[in-house]
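**Student:** Pasting the sequence and the predicted coordinates here, then a few questions.
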Amino acid sequence: MTWWKDRTGYQIYPRSFQDSNGDGIGDLRGIIDRLDHLVDLGIGFIWLSPVYSSPMADNGYDISDYRNIAPEFGTLGDMDRLIAEADKRDIRIVMDLVVNHTSDQHPWFQEASASSQAEKRDWYLWRAPVNGGPPDDRRSYFGGPAWRYSAATEMYYLALFTPEQPDLNWNNADLRAEIWDMMRWWLDRGIGGFRMDVIDHIGKDVDAGIITDGPRLHDHLQEMHREVLAGRDALAVGEAWSATTDTALLYTGRDRGELDMMFQFAHITALWDDGHGKWRPKRFDLTAIKRVWTDWQIALQDDGWNALFWANHDLPRAVSRYGDEGAYRVRSAKALALVLHLMKGTPFVYQGEEIGMTNTRFDRIEDFRDIEVLNHYAEALAAGTAAQDFIAGANANGRDGGRTPVLWDDAPGAGFTTGTPWIGINANYKDINVAVDHADPNGVFAFYRQLIALRRGDGLIVHGRFAPFLDDHPQLWAYTREQAGEQLSVIANISGTEASSPVPPGLQVTGQPVLSSMAPRGSIGTKITLAPWEAFAVRGPLPGPSPTLPAK
Ligand code: GLC
Ligand code: CA
């Protein structure tokens, strides 16, 4: 039942993975054509961002039919073929489940908004105007008010993301029953599970001003488990920006009957400005990042399970945000991967990360595509921000920079499309692409392949206990994993300058080499000195007198 513990996940953002018909938009047939790339990498399942019918206001996170596929991505037949072709290769397909909201074009909302007597009226959240305006002054995440006026019934509906994404009313039992039915319908088609979009929002109590972690959140998740997931071999991974080490086990504790693992974001928000959020990122601070990961590793040491990731379709690319886009691009990509994948949990690779792709930058607002950026741009300008300042922030931390097409080769269109891509392709595609990286035995891909192969079936890496070292070191990241008398030590220089430290007691720096971001240098004594972005792992029997014999 826990096939996902020693496998590595791979996120596909379908619009930008592979176009098969020259319309400039990635599609399901494109994914099928590229499955062997994923086999080669060794991944065990795909998290597929939404491919359902959608007007694409938020690139598919606004669904208008949960039981069909958007025409630009293909057909239900293509989806069945993808599931079958992936299955042949022992790769499972985990679909995105976006059920906090639908599209405003969903027939449910069309019906519900037309009349206050509509049968499905109560599937959404309606409130009467207060003093001729919205019921409260809550703001939406993507700009503008959260309550939107609907003229047909002269009432407001809640839309926490964009007005095109009305929030569903989870208190309605018929709605929940329909969602459970839809989930079973997909599982019966052979998918491997669900990644649940903003799942911490479904228990909200708007009148009490509670949006995440609402009073009924865990009731709903337990009902979902009973009705849909129990007894099935499916992976349930939730997305929760609100999750903390205190709430994590409410979702994933073994006796809870809810989810298998959570995407939490504390390591991401640790580098956001307290007042300005993502638009004004803080300077990189390794000790802050290590502290977050350590807290999560320890909180879920004995129960629950971590989802490990640096990037996804909402975040900047890993090397651009945490590594080095220049001279140390390859080495920093490897170092970041090593420290992430050898922690306890299931690692996720975001498409293109396996070759160390960098963020794409845009000079003009017209080149951006993301509704979040476009909506905030208008707001920011109205509030007096200079366009160039806003664009700098959008390039640093907006969502488009990591959403541009996967770079496959140096053909025009980078092997992604023969047509005009829906968003600009990174200008560095001639130097950074799958073909070039793949041909290099010391490339990023070769390193990821080894890292992913390592954890498959390896008890120490999958289950070993985690212990941190050198917590306050501003450049070095070090931790161990232990199981059955064996220890794995991971040591990385997360910086572009040489770093050193006395070897702390309990940290084993010599042993059987497991993997290294560069050719290992010199000898290591009582002091460790690491070159820029040097990172390695060694394993061996637990150091010191130990009553346990190494188990083999
Ligand atoms: C999640 C998705 C994001 C989307 C939002 C609304 O955070 O990852 O892409 O815009 O939910 O569905
Ligand atoms: Ca296409």
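**Tutor:** Here it is on my side, so go on. Ligands and ions are numbered 1, 2, ... in the order given.
**Student:** contacts, neighbours, all on C-alpha from now
**Tutor:** Fine.
**Student:** pLDDT score for A177?
**Tutor:** Per-residue confidence (pLDDT) for A177: 98.
**Student:** residue contacts, the residue of the stretch 51-200 of the chain found nearest ligand 1?
**Tutor:** In the stretch 51-200 of the chain, no residue comes nearer to ligand 1 than Y61, which is 4.6 Å away by CA to the nearest ligand atom. Neighbouring residues of Y61 by CA atoms under 8 Å, 6 or more residues apart in numbering: 50, 54, 98, 103.
**Student:** ditto for P405
**Tutor:** With CA under 8 Å, 6+ apart, P405 has these contacts: 15-18, 416, 421, 423-426.
**Student:** swap in D65?
**Tutor:** 52-54, 106.
**Student:** farthest-separated two in these?
**Tutor:** Y52 and H106 (11.5 Å; CA to CA).
**Student:** Which one of the contacts of P405 is nearest to ligand 1?
**Tutor:** Out of those, the member with the shortest distance to ligand 1 (by CA to the nearest ligand atom) is R15, at 12.5 Å.
**Student:** For D400, see how far away the closest one is.
**Tutor:** 12 Å (CA to CA, to the nearest Å).
**Student:** Could you confirm L315 falls within a helix?
**Tutor:** No: assessed with DSSP: H, G, I helix; E, B strand; the rest coil, L315 is coil; it does not lie in a helix.
**Student:** Next, count neighbours for E227.
**Tutor:** 16 (other CA atoms under 10 Å).
**Student:** how near is it to S500?
**Tutor:** 54 Å.
**Student:** Ok, I91 next?
**Tutor:** The value you get for I91 to S500, if CA to CA is used, is 41 Å.
**Student:** neighbour-wise, which of the two wins?
**Tutor:** I91 (22 against 14).
**Student:** one step back: from the contacts of D65, list just the buried residues.
**Tutor:** Buried subset of the contacts of D65 (neighbour count, 16 or more other CA atoms under 10 Å): 52-54, 106.
**Student:** for the stretch 451-552 of the chain, what are the low-confidence residue spans?
**Tutor:** Across the stretch 451-552 of the chain, residues meeting the criterion (pLDDT under 70) sit at 522-524, 544-552.
**Student:** List the contacts of the residue of it found nearest ligand 1.
**Tutor:** Relative to ligand 1, the nearest point of the stretch 451-552 of the chain is I452 (24.2 Å; CA to the nearest ligand atom). By CA under 8 Å, 6+ apart, the residues touching I452 are 7-8, 41-43, 341.
**Student:** go again using 10 Å as the cut-off
**Tutor:** 6-9, 41-44, 337-338, 341-342, 347 (CA atoms under 10 Å, 6 or more residues apart in numbering).
**Student:** Same list as before, those that is, but in a markdown table and with neighbour count and pLDDT included.
**Tutor:** Formatted as a markdown table, these follow (neighbours: other CA atoms under 10 Å; pLDDT from 0 to 100):
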| residue | neighbour count | pLDDT |
| --- | --- | --- |
| D6 | 23 | 97 |
| R7 | 23 | 98 |
| T8 | 25 | 98 |
| G9 | 26 | 98 |
| L41 | 21 | 98 |
| G42 | 22 | 98 |
| I43 | 24 | 98 |
| G44 | 23 | 98 |
| A337 | 27 | 98 |
| L338 | 24 | 98 |
| H341 | 23 | 98 |
| L342 | 27 | 98 |
| P347 | 26 | 98 |
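**Student:** Save those as CSV, and put in distance to D33 too.
**Tutor:** Listed next are these as CSV, based on distance: CA to CA, whole Å:
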residue, distance to D33
D6, 26
R7, 22
T8, 20
G9, 19
L41, 15
G42, 16
I43, 16
G44, 17
A337, 26
L338, 29
H341, 27
L342, 30
P347, 24
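**Student:** Confidence-wise, which helix or strand of the chain is lowest on average?
**Tutor:** strand 277-281 (a mean of 76; mean pLDDT, DSSP states H and E).
**Student:** Sheet partners, orientation included, of that one?
**Tutor:** strand 272-273 (antiparallel) (DSSP bridges).
**Student:** For burial, what's the neighbour tally of the residue of the stretch 251-400 of the chain found nearest ligand 1?
**Tutor:** As assessed by CA to the nearest ligand atom, ligand 1 sits closest to D314 within the stretch 251-400 of the chain, at 5.5 Å. Residues near D314, counting by other CA under 10 Å, number 14.
**Student:** Number the residues from 55 up from this point.
**Tutor:** New numbering, starting at 55: the last item is D368.
**Student:** how close does it sit to ligand 2?
**Tutor:** Plainly put, D368 is 22 Å away from ligand 2 if you go by CA to the ion, to the nearest Å.
**Student:** give me every residue that touches that residue.
**Tutor:** 424, 451-457.
**Student:** Could you export those as TSV, including pLDDT?
**Tutor:** Below are the contacts of D368 laid out as TSV (pLDDT from 0 to 100):
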residue	pLDDT
D424	97
N451	90
G452	94
R453	97
D454	98
G455	98
G456	98
R457	98
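**Student:** Surely A538 touches P595?
**Tutor:** Yes: taking contacts as CA atoms under 10 Å, A538 lies within contact range of P595: 9.0 Å.
**Student:** who's more crowded, these two?
**Tutor:** Ranked by neighbour count (other CA under 10 Å), A538 and P595 place P595 first, with 20 against 16.
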